[in-house]
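> when you get a sec, could you give me coordinates for this:
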Amino acid sequence: MSGHSKWATTKYRKGAQDAARAKLFAKLIRLVEVAAREGGSDMTANASLRTTYQKAREASVPMDTIERAIKRGTGELEGVRYESVNYEGYAPSGVAVIVETLTDNRNRTGADVRNLFSRNGGSLAEPGAVSWQFERKGVVVVSNGDEERVMEVATEAGAEDLTQDGGNFVVTCAPNDLNAVKTALEEAGLSIESAELSLEPSSTVAIEDESDAKKVLRLLEAIDDHDDVQAVHANYDISHEVLAAFYG
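Residues are numbered from 1 along each chain as shown. Model prediction:
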């Protein structure tokens, strides 16, 4: 799930994700398989596979499970064929939402996503309705260090911007620079909370009322929990206090 305050949201919902580790593993394995199918098994040449492999390892997915997923992707082992399908819509309060899925049944997934929107006060939109409000970026979240040092290292490695979100520094870069920026920050002794490709909003919708914020978060949580959903991106701006109350 991403959006303004996304990186704080990730921290608050981590406990729930830990409790659903099997579901998280399944989603990561599917990502690895598709990345291998689309770009091959060589991680030096396949940036997408390299990124998904790192995410899987950071989540403690067993190495042999990852290797089997790569082999299914390249055709060495038999497996289900997944396709990438994105959906666009609106959450309550006019929050723009993009849902990224990997599915072996487009009709089933489309119907499920539509129902999740409608049951939680949102609405599915036509392709292109909200995607123009987002741009693909590499995002690295740093959990220690001072702003000047993080900015210096990140900029030299090709980063485009640095912001603060709670106690973390959020570094954004071009998608192809993600690995270089992450590596440079690690080599500088900085702690990486996460590093991934994300759809970042060009503008955000401030949700100040706690009741309205909860409606938005309930919809996003319901969608994110679907087995076929890989990522949910939204342009909300919700305070840390409200996030803590919702996930507390």
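
> thought Leu217 was touching Ala234?
No. Contact between Leu217 and Ala234 fails when scored by CB atoms under 8 Å: they sit 9.4 Å apart. Quick note: C-beta positions are derived from backbone N, CA and C, even for glycine.

> these two - which one has more neighbours?
A count of neighbours by other CB atoms under 10 Å puts Ala234 above the other of Leu217 and Ala234, at 30 against 26.

> from Ala91, how far out is the more buried one?
6 Å (CB to CB, to the nearest Å).

> between these two, which contacts overlap?
Contact criterion CB atoms under 8 Å, 6 or more residues apart in numbering; residues shared by Ala234 and Ala91: Val97, Val216, Leu220.

> rebuild the residues you listed as JSON lines, extending it with pLDDT and neighbour count.
Output for those, formatted as JSON lines (pLDDT from 0 to 100; neighbours: other CB atoms under 10 Å):
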{"residue": "Val97", "pLDDT": "96", "neighbour count": "27"}
{"residue": "Val216", "pLDDT": "94", "neighbour count": "26"}
{"residue": "Leu220", "pLDDT": "94", "neighbour count": "25"}
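
> now secondary structure and distance to Asn176 too, for the residues you listed, in a markdown table please.
Shown next, in a markdown table, are the shared contacts of Ala234 and Ala91 (DSSP: H, G, I helix; E, B strand; the rest coil; distance: CB to CB, whole Å):
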| residue | secondary structure | distance to Asn176 |
| --- | --- | --- |
| Val97 | strand | 26 |
| Val216 | helix | 32 |
| Leu220 | helix | 28 |
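
> what's the closest of these to Glu67?
The closest of these to Glu67 turns out to be Leu220 (CB to CB; 32.6 Å).

> now do the SS call for Thr101.
strand (DSSP: H, G, I helix; E, B strand; the rest coil).

> these two touch, right, it and Asp227?
No. Using CB under 8 Å, Thr101 is not in contact with Asp227, being 9.4 Å away.

> just checking, Gly94 touches Ser203?
No. Counting by CB under 8 Å, no contact exists between Gly94 and Ser203, whose distance comes to 11.7 Å.

> the longest helix in this structure is where?
Longest helix in the chain by number of residues, with DSSP state H as the criterion: helix 21-39.

> how distant is that helix from the center of its chain?
Distance of helix 21-39 from its chain centroid, counting by CA atoms, centre = their mean, to the nearest Å, is 13 Å.
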